[in-house]
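Peer 1: structure for this input, please:
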Amino acid sequence: MPLPANRRCRTIGGFPPTLSTALLAVVALVVAAACSEDTSRQERPAGPIPVRTQPLQAESVERVVEITGTLGGAELVTVAAEVDGRVQRILADLGDSVEAGAPLIRLEDSELRFQVAQAESAYLQSLARLGVDASGLDSFEPRSQADVRRAEADLAEAKRSLVRGEELMERRLLASSELDNLRTREQIAEAALQKAIEEARSTFAQAKGMRASLGLARKKLRDATIASPVSGAVAKRLVALGEYVRAGQPVAMVVVTDPLKLQGEVPDRYVGQLQQGMPVEIELDVGSGEAYLGELARIGPLISASSHTFPVEALIRDPAGRLRPGLFARARIRIGAQEEVFSIPETAISSVAGVNKVFVFEDGKAGVRPITILRKVGGDAQVQGEGLRSGDLLILTGIARMFEGTEVTLLEPAEAGRGSRGAKPSDAAGEAGEIPEGSEASEASETPLRSFIEEDKKIRDMKEEAIDRIREGPRKAPENIQ
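Peer 2: Here you go, the predicted model:
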């Protein structure tokens, strides 16, 4: 009897859900087991790895701090317009050398000239009202103004009239009303004098304001010629002839080319050993290879917690103008002290996530030694590291398959030289762990490969058998459901 439509089981690939889930689970387990065995087999090679070695030898060298970076101008200045106007002339273009104050761009200034004439006229009128010239403005005294002098004379006359009136009043020759008029006249003269002084002071203040307006108008006229604020070279022109620019709009960029600066990062182990003014030797990747001299100008106060470095800045004088900002440069700062280093091939160094290490031969196993790379010379690197000693056997080959405690075996000199005659220990083949064909090392490396192929075949057979067994069950399942 068929099941109702609402109770009919959904199937995946023709199988009931329970059996389909079981199929997927078994396949996943088989694949995971195969991957786990494969990963374990790759990480832990079967049998000792044949390697080539070389003894470490410590050497004493001068302590040198190396900096790499890009040369930059001591300053890169963006020059902007200070007044509105249309570009009338371009006086300095890309690459032109300019001195501080040299004109770069000139704007149309006819309107600005009219504003200067208008401000000058108003200023002269204010000087005329004061009765002084431009040189006497700062030493102006209100009582020297004509209206003030007239008011003072009127006051003096009123006081004299009042004195005569009081004398006549004592002799009863003047009426009291006349005496009151004389007193009122004196008061009016005093008020007139005070008013004249205040007006003179106001006119003086206006004259100074007119002088400031005239100065501002003249400055705007000068600003119509945009000048370079520093000595250097024009790095970029940002406006075109005839373009209308607004105040504050950038019009050009000027870079200071003498001196140039080089910024870089220095490891924190050199803290306290660098001082401002120390000589710096600079070499460029381009040109004749000539070395340039500079000096250490600035030392950063903060050490980066992530990179364990601090910034420094060196200045390089270039009066001849042979250097250019943007060139890649290498700088050396000689501290003068001696330090012990080991020179090893770069291919013997394992670098993972920024951690550098090497492997040394220890009683048939590989031992790990963390190192710090000081500098690189050709294909070798000068390194330091705790645990490195003269006479230790540095492992040169098989680095990609090496880990702490890996069993290794030393190749005899004859076996190491066969198939690699003339090769240096730092050859790339050594880093990849390649072994000369036909040697015992080659046979040893083929054995794990054959084992891997056989195991892989067994795993595929197991997966096929498991799938066949699961598929047999679903064919009977519909009969049970019926």
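
Peer 1: give me the element residue 157 is part of.
Peer 2: helix 146-170 (DSSP states H and E).

Peer 1: assign residue 235 to helix, strand or coil.
Peer 2: Secondary structure, DSSP: H, G, I helix; E, B strand; the rest coil: residue 235 is strand.

Peer 1: quick one: contacts for it?
Peer 2: Residues in contact with residue 235 (CB atoms under 8 Å, 6 or more residues apart in numbering) are 73, 76, 94, 253, 254, 255, 325. The way it works is simple: take the backbone N, C-alpha and C, and place the C-beta from them, glycine included.

Peer 1: dump the residue contacts of the first one.
Peer 2: By CB under 8 Å, 6+ apart, residue 73 lies in contact with 232, 235, 255, 256, 257, 260, 261, 325.

Peer 1: most neighbours, which of those residues?
Peer 2: Compared across these, residue 260 has the highest neighbour count, 25 neighbours, by other CB atoms under 10 Å.

Peer 1: strands of the stretch 201-350 of the chain, start to end?
Peer 2: Counting by DSSP state E, counting those that start in this stretch, the stretch 201-350 of the chain has strands at residues 225-227, 232-237, 244-245, 250-255, 260-267, 279-284, 292-299, 309-316, 328-345, 350-352.

Peer 1: what are the ranges of the helices in this structure?
Peer 2: 17-43, 110-130, 146-170, 176-223, 413-417, 428-432, 440-481 (DSSP state H).

Peer 1: lowest average pLDDT across those helices?
Peer 2: Lowest mean pLDDT within those: helix 428-432, a mean of 39.

Peer 1: and the helix holding residue 157, what does it pack onto?
Peer 2: Applying 3 or more CB pairs under 8 Å, 6 or more residues apart in numbering; DSSP states H and E, one finds that helix 146-170 makes contact with helix 176-223.

Peer 1: contact partners for the spatially most central residue of the chain?
Peer 2: Closest residue to the average C-alpha location of the chain: residue 263 at 9.6 Å, with CA atoms, centre = their mean. For residue 263, the contact set (CB under 8 Å, 6+ apart) comprises 69, 72, 311, 312, 313, 314.

Peer 1: next up, the contacts around the last one.
Peer 2: Contacts for residue 314 (CB under 8 Å, 6+ apart) come out as 67, 261-264, 280, 282, 294-297, 331, 333.

Peer 1: are any of those residues buried, and which?
Peer 2: Among the contacts of residue 314, the ones that count as buried by 16 or more other CB atoms under 10 Å are 67, 261, 262, 264, 280, 282, 294, 296, 297, 331, 333.

Peer 1: bridged to the second one, which residues?
Peer 2: For residue 261, the beta-bridge partners are residue 72, residue 315 (DSSP bridges).

Peer 1: quick one: terminal-to-terminal distance for stretch 121-141?
Peer 2: Distance across stretch 121-141, first residue to last, is 23 Å (CA to CA, to the nearest Å).
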